[in-house]
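Novice: need a 3D model of the sequence below.
(2 chains)
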Amino acid sequence: MDRSPDVVIVGAGIVGAAAAHVLTAEGLAVDVVDRGAPASGVTGAGMGHIVVMDDSPAQLQLTAYSRRLLDELAPELSASCELSRCGTLWIASGEAELEAVEAKQGAYAEAGIASEVLDGDDVARLEPELRRPLFGALRVPGDTVVYPPGLARWFLDRAVERGARLHLGTEIDSLGPREVRAGTTTISAGAVVNAAGPWSGRLSPGLPVTPRKGHLLITGRYSGFCRHQLVELGYLASAHDLSQDSVAFNLQPRPTGQIIIGSSRQAAGWDGAIDRSVLQKMVARAVEFVPGLAGLDVVRTWTGFRPATPDKLPLIGPWPDEDGPWILSGHEGLGIATALGTAQILADLMLERRPELDPAPFRAARA
Amino acid sequence: MTEWAASVVVVGAGPAGIAAAIRAEGAGRSVILIDQAQRPGGQIWRHRDRAALPRQARSWLQRLDRSSVRLLTGASVVDAEPSSRLRVDLGGRPLGVRWNDALVLATGSHERFVPFPGWTLPGVVGVGGAQALLKSGMDVAGMEVVLAGSGPLLLPVAATLSRAGANLTLVAEQAPLGRVIRFGAALWRSPSRWLDAARYRAGFLRTPYRTGTWVLRAEGEDRVREVTLTDGDGERTLPCDLLCTGFGLTPASELARLLGCATDGWRVKVDGVQATSEDGVYCAGEACGIAGAEIAILEGEIAGLAAAGDRAGAERLGRRRPPHDRFVAGLAQAFRLREELSALPAGTTLVCRCEDVPLERLRDFGSTREAKLHTRAGMGPCQGRICQPALQHFFGWGIDSVRPPLFPTSLSVLAAPEEDESPPPPTSIT
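Specialist: Here you go, the predicted model:
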C-alpha cells in the first residue's frame, strides 16, 4: 500500500458505497474493500424501495431524512439507477385497519412527509388489479424505487472520481480500529468502517447483527399492470416481529415492466436455499391481494439476508466502545432506503459535527 | 396441488428418457415419463408423422406405446422440491410428481449460440431450431439458405433443408479441414456414425461444404438479406433469406444442478451405472455429455435398470458401452471454436437478447453474477440458457447458480400449496 487512507470501508454494498460517496465528498481519502463485486451481497438481493417507515420515531426520522437526501441527488443520478417516482400505497385489509391508515398519515405529517388517505373507490381507480372489496389506503407519493446495484455502483463511481480506491475480490480476515488485514496484506487507515451488512458480525465478533432471510421473485414484462409500490398495512407488523417467520404482501413495478413480489422474513441462519413452503405462502399472499397475478409468469426467485438488530435500528458509530472500529450496519430491510442518511450521520460523527438527526438511537455502542 | 407418484420418474422423453422408462418398467417398476413437448421423441425424434422416423426411433416409440409407462406430455418441470417431488407446470396448472425410488434425468441439451453482428435479425435461427421448424412443417422451398456453424449436427440439417426444397447455397463449418478429417477417420470404429454422415452428405450433394469457414455478419433492414463469411483470407457475401447457425450443443443440466448433482462444466457427472452424486438420482443422454442418440439410448437403458434396482443388469449393459468418453472428447476437440470467433463481435452486438445487452456493456465485469447484477444479462425469460454459454465463450466466466422456476411459470403454479385435495387437472396421463 503506497498510502494510508483516512478511512477504509469494508463492504461495497449500498451502505459502504454511500459512505464512500459521502466521505470522499468531504475530502477524505477512502479505500473500499469487498470480498466480491460491488452490490453482490444483500444489495443485489434487495427491492430498492425508497420508503418512509414509521415502526419507531427514530426509524421515521431516518427514512424521511434519507429519502430527502436521495431526492436532492436525483438530478445527478445516472439512468442505470432506474429512479422511479411511483409512490407507495399502504393497503388496508379491512375496515378495522382504516384507523391505522389515519394514524399513519398523522405520524407522516409530523415528520413532514406528504401522504393522502384514499377510500376504496380511489384505490380501485388507481390500482384496478387489487382485489375487491377495497377499504382504503394511504398513498405516499414521494416514495421512490431504485435499482440497488445501479445506485451502489453510481456511489462508488463518484467516490472513485474523487480518488477512492477499490479492492474488490479481497477477503478481509479481521479488522481493528486502525487497520484491516487480508491474508498477508494489512491496510492501515485513520479509521475503519465495518459495512459488511449481515456479515459484519463475523468481522466484529459479538456485534448484535443477525441474518434475517427474505425471498423475492420477479415476473416477465407486464408494463402498466400496476403503478405504485403496493404494500399491505400489516407489513410493518411482519417486519417488526423478530420472533417468528412471516410473509407480507409487497409488490413493486419496475421500469422494465417487470414486477418484483415479496416478502418474507425468517430467522433461518445462513441457509440461502429457496424455502418452498415460505415461497408458496408468499406467492399465495400476493395472489390474494392481486388476483390477476396468478396468470403472470415468474422468471426468477432468490433469497437474501437482511442484517437485523434486536431493536430494528441500524448501528452507526464506534463499537464496542469509543475506541473501537466504526460500524455501519444493521439496516435490516431498509439498507437501500437509509444508506445515504446513515452515511451522512457517520460522516458528521467522524468529522465531529452535529448530525442533523439525533444520532443517539443509532449509537452502535448501545447494543 | 394434485400429486402423482411412481417408483421411477423420468424427465425428458427423448431417446435416453424413453429407453430409461422402458427398462425401468421392464424391471417391474411403475414409471412416469415427463416431457415438455406434446409428443415423445425429444428433439432428435421430433415428428408429425411417425412413419417418417428412422426404424430405431419407431421401434422405441412402439415399445413405449405398448408399455405401462404413464406419459405426461406438455409438462414443464419448474422445480425439484427437497421432498423427492417435482413441481410441474401442466398447461398452466400445477401438478406434483413424486418419485418413490429413483429419478432419471434425461434432459438433453441446448443449442449453443455464438453471437455475431446480425445474429438477432429475423431469419437467423439455430440449426436445432431450424430442424424443429422443418419437422413441424415450415415451408423453405425456393428460399436462399446458408448453414454455418460447427459440428456434426450441420449435416442432417443440411440434408433436411435440401430435401425440403431450399436453395441451400453453402454449408460452412468453422473447424479446419484437418480436424474434421481426423475426427472422421477416428469414426471407423463406429461404422453406423460413418454411414449416417455419408447418408446426410448425400442428402445435399449439390451444396458445397466448406471447412475453415465462418460467419462474419448477417445484414438486412427488417430481416436477414445477406450473409458475409470468411475463410480467414477472403470475404464472401451471399444473398440469404434464412441463415441457420449452430455451434454445437450444451448439456441441459439445470434440473440436475438444482438437485445438487455434481457437474463438470455443463456436464452432469455420473458413474458406471449413470448414478449422479445425489442419492437415487440418475442421468442419461446428452445432459452427461454430447455423444449422439446411440449412446443416449444405451445410457438410458443403463440408468433405467439401475433406477429399478437392477444394478447387476445395469453393469452388464454398461460393459457393452463403447469407450464413448473418447468420442465425447474427440468431438469437443475436433469442433472446438476457433479464436477468431471470440474476437468476432462488434461492441454493439447483443449478447443477451432477452435483455438487450450488447457486448460492450459486459467487458468491464469479472463474473457472470457481476455482469448479471449490473446489466441484467441472463435475467430474461431464457434464464441465461442462451447467453451464459456465450459469456463463457467470450470471457471464460463460470456458470451461475440455478433456482426455481427452471422455466418461466405462472404464479398460480407456484402458489399451489403442497397439500390440496382439489380435483386432478385434465391430463394426458395414460
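
Novice: wait, a strand at B:T228?
Specialist: Yes. Remark: B:T228 belongs to a strand, assigned using DSSP: H, G, I helix; E, B strand; the rest coil.

Novice: show me what contacts A:V180?
Specialist: For A:V180, the contacting residues are A:V8, A:V10, A:V33, A:I172, A:S174, A:T186, A:I187, A:A189, A:V192, by C-beta atoms under 8 Å, 6 or more residues apart in numbering or on different chains. Where you see a C-beta, it was placed from the backbone N, CA and C, and this is true even at glycine.

Novice: out of the residues you listed, which are inside strands?
Specialist: Judged by DSSP state E, the subset of those located in strands is A:V8, A:V10, A:V33, A:S174, A:T186, A:I187, A:V192.

Novice: now list the buried members of those residues.
Specialist: Neighbour-count burial within the ones in strands among the contacts of A:V180 applies to A:V8, A:V10, A:V33, A:I187, A:V192; the criterion is 16 or more other C-beta atoms under 10 Å in any protein chain shown.

Novice: out of those residues, who's nearest B:L317?
Specialist: Closest to B:L317 out of these is A:V33 (55.4 Å), distances taken as C-beta to C-beta.

Novice: gap between the closest one and chain B?
Specialist: 16 Å (C-beta to the nearest C-beta, to the nearest Å).

Novice: my guess is B:V127 contacts B:P152. True?
Specialist: No. The criterion here is C-beta atoms under 8 Å, and B:V127 misses it with B:P152 at 10.6 Å.

Novice: between the two, which is the more surrounded one?
Specialist: More neighbours surround B:V127 than the other of B:V127 and B:P152, with 26 against 21 (other C-beta atoms under 10 Å in any protein chain shown).

Novice: distance of the nearest residue to B:A27 once chain neighbours are set aside from chain A?
Specialist: Counting by C-beta to C-beta, 6 or more residues apart in numbering or on different chains, B:A27 lies nearest to B:A308, which is 3.5 Å off, once chain neighbours are set aside. Noted for B:A308: a distance of 28 Å to chain A, by C-beta to the nearest C-beta.

Novice: tell me how many other residues surround B:A308.
Specialist: By the criterion of other C-beta under 10 Å, B:A308 has 24 neighbours.

Novice: who touches it in this structure?
Specialist: Shown in contact with B:A308 (C-beta under 8 Å, 6+ apart): B:S7, B:V8, B:R23, B:A24, B:G26, B:A27, B:G28, B:R29, B:D101, B:A102.

Novice: now with 10 Å?
Specialist: B:7-8, B:20, B:23-29, B:31, B:101-102, B:104, B:314 (C-beta atoms under 10 Å, 6 or more residues apart in numbering or on different chains).

Novice: please identify, among the residues you listed, the one with the most neighbours.
Specialist: Using other C-beta under 10 Å as the neighbour criterion, B:A20 leads the contacts of B:A308 with 39 neighbours.

Novice: name the SS class of that one, please.
Specialist: Put simply, B:A20 is helix when judged by three-state DSSP.

Novice: same list, the ones in strands among the contacts of A:V180, but as JSON lines with distance to B:D271 please.
Specialist: Formatted as JSON lines, those follow (distance: C-beta to C-beta, whole Å):
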{"residue": "A:V8", "distance to B:D271": "49"}
{"residue": "A:V10", "distance to B:D271": "44"}
{"residue": "A:V33", "distance to B:D271": "43"}
{"residue": "A:S174", "distance to B:D271": "43"}
{"residue": "A:T186", "distance to B:D271": "47"}
{"residue": "A:I187", "distance to B:D271": "47"}
{"residue": "A:V192", "distance to B:D271": "50"}
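
Novice: rounded mean pLDDT for the longest strand along chain A, please.
Specialist: In chain A, taking DSSP E as the definition, the longest strand is strand A:297-308. Averaging pLDDT along strand A:297-308 yields 96.

Novice: next, see if it gets close to chain B.
Specialist: Yes. Applying C-beta under 10 Å from any C-beta of the partner chain, one finds strand A:297-308 touching chain B at A:D297, A:V298, A:V299, A:R300, A:T301, A:W302, A:T303.

Novice: and A:Q252, what are its bridge partners?
Specialist: A:Q252 has these beta-bridge partners by DSSP bridges: A:I260.

Novice: touching, it and A:S84? I think so.
Specialist: Yes. Contact criterion C-beta atoms under 10 Å: A:Q252 and A:S84 qualify, at 9.0 Å.

Novice: list residues touching both of the two?
Specialist: In contact with both A:Q252 and A:S84: A:G48, A:V145, A:Q229, using C-beta under 10 Å, 6+ apart.

Novice: among those residues, which are in strands?
Specialist: Filtering the shared contacts of A:Q252 and A:S84 for strands - DSSP E - leaves A:V145, A:Q229.

Novice: so which residues of the stretch 151-300 of chain B form helices?
Specialist: B:154-163, B:177-186, B:191-202, B:254-258, B:293-307 (DSSP state H, counting those that start in this stretch).

Novice: could you point out which element follows the last one?
Specialist: Following helix B:293-307 in sequence order, the next helix or strand is helix B:311-319 (DSSP states H and E).

Novice: can you list the buried residues in that following helix?
Specialist: Quick answer for helix B:311-319 (16+ other C-beta under 10 Å): B:G313, B:A314, B:L317, B:G318.

Novice: and the least confident of these?
Specialist: B:G318 (89).

Novice: so which elements touch the helix or strand where A:L166 lies?
Specialist: Taking DSSP H and E as the definition, one finds A:L166 inside strand A:165-167. Using 3 or more C-beta pairs under 10 Å, 6 or more residues apart in numbering or on different chains; DSSP states H and E, the elements in contact with strand A:165-167 are strand A:7-10, helix A:14-25, strand A:30-33, helix A:148-161, strand A:185-188.

Novice: could you turn the buried ones of the residues of strand A:297-308 next to chain B into a PyMOL selection?
Specialist: Under the burial definition 16+ other C-beta under 10 Å, those of the residues of strand A:297-308 next to chain B that qualify are selected in PyMOL by:
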select buried, chain A and resi 297+298+299+300+301+303
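
Novice: so which of the residues of strand A:297-308 next to chain B comes closest to chain B?
Specialist: A:D297 (4.1 Å; C-beta to the nearest C-beta).

Novice: which ones are touching the closest one?
Specialist: A:219-222, B:89, B:92, B:381, B:405, B:407-411, B:413.

Novice: now with 7 Å?
Specialist: Counting by C-beta atoms under 7 Å, 6 or more residues apart in numbering or on different chains, A:D297 makes contact with A:T219, A:G220, B:P408, B:T409, B:S410.

Novice: partners of it in the sheet?
Specialist: Beta-bridge partners of A:D297, as defined by DSSP bridges: B:S410.

Novice: tell me which of the helices and strands packed on strand A:165-167 lies nearest to B:E418.
Specialist: Of all the helices and strands packed on strand A:165-167, helix A:148-161 comes closest under C-beta to C-beta, at 32.5 Å.

Novice: C-alpha coordinates for that closest one, CSV please?
Specialist: Below are the C-alpha coordinates for helix A:148-161, written out as CSV (Å, rounded to 0.1, in the frame of the first residue of the first chain):
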residue,chain,number,x,y,z
PRO,A,148,-30.0,-1.1,-5.9
PRO,A,149,-26.8,-2.4,-7.8
GLY,A,150,-27.1,0.6,-10.1
LEU,A,151,-27.2,3.1,-7.3
ALA,A,152,-24.4,1.3,-5.4
ARG,A,153,-22.2,1.5,-8.4
TRP,A,154,-23.1,5.1,-9.0
PHE,A,155,-22.0,5.9,-5.5
LEU,A,156,-18.7,4.0,-5.9
ASP,A,157,-18.1,5.7,-9.3
ARG,A,158,-18.4,9.1,-7.7
ALA,A,159,-16.1,8.1,-4.9
VAL,A,160,-13.5,6.8,-7.4
GLU,A,161,-13.7,10.0,-9.3
